[in-house]
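Enquirer: how would this look folded up:
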Amino acid sequence: MIAIEIRVNGRKERIAGIADGTVDVHLALTSRRHWRKDPKASIALLLSGMDSKRDEHIDWADRDLAVGDEIVMRLVQTSKVDQPTKRSRMTSRQAKESFVRRMAEDLGWKIHTK
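Expert: Below is the predicted model of the structure:
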């Protein structure tokens with residue numbers, strides 16, 4: 001299968017791939033003025049995806065980075081990939097509720113249900 005190999009500062013982070021699904025790589029730089037209201041900037045590498053056969057969200061990496069870090073992404077053909085660090089199954093409703101709760105918390109709102 002085709003997989004994504006990620007290296008951080010020359011060291012292998014993960015090789016992520018799935019026969020039936022998706023793999024996503026996100027490099028996120030969040031400034032302190034962003035909605036998280038964190039006093040400092042946040043830099044993160046997220047490597048995740050979706051297993052279509054199991055209907056599960058999968059994570060391979062979620063790590064903080066620093067200024068000066070070098071990230072190399074390479075497409076590889078391989079029969080072996082790293083095991084995900086986390087798998088979670090969520091219904092569409094659960095995913096929406098989770099998103100709304102995170103946004104409410106970030107905005108300082110309280111949710112009242114019937």
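Enquirer: Do a quick rundown of the helices in this structure.
Expert: In the chain, the helices defined using DSSP state H lie at 92-107.
Enquirer: Can you tell me who the residue most central in space within it pairs with across the strands?
Expert: The residue lying closest to the centre of the chain (Cα atoms, centre = their mean) is L46, at 3.5 Å. Here L46 shows beta-bridge partners H26, D62, assigned using DSSP bridges.
Enquirer: OK, contacts around it?
Expert: L46 makes contacts with 24-28, 59, 61-62, as judged by Cβ atoms under 8 Å, 6 or more residues apart in numbering. Any C-beta I mention is one placed from the backbone N, CA and C, and that applies to glycine too.
Enquirer: Can you tell me how far it is from D62?
Expert: According to Cβ to Cβ, to the nearest Å, L46 stands 5 Å off from D62.
Enquirer: what do you get for E13?
Expert: 11 Å.
Enquirer: shared neighbours, those two?
Expert: Common neighbours of E13 and D62, counting by Cβ under 8 Å, 6+ apart, are 45, 47.
Enquirer: the more surrounded of those two?
Expert: Neighbours of E13 and D62, each counted by other Cβ atoms under 10 Å, are more numerous for E13; the result is 19 against 13.
Enquirer: what's the closest non-adjacent residue to that one?
Expert: Distance criterion Cβ to Cβ, 6 or more residues apart in numbering; nearest residue to E13, sequence neighbours excluded, is I6 at 4.3 Å.
Enquirer: again, but for V100
Expert: With sequence-adjacent residues excluded and distances taken as Cβ to Cβ, 6+ apart, V100 is closest to I111, at 7.3 Å.
Enquirer: ok, now which ones touch that neighbour?
Expert: If you count contacts by Cβ under 8 Å, 6+ apart, I111 has them with 100-101, 104.
Enquirer: Much appreciated, bye for now.
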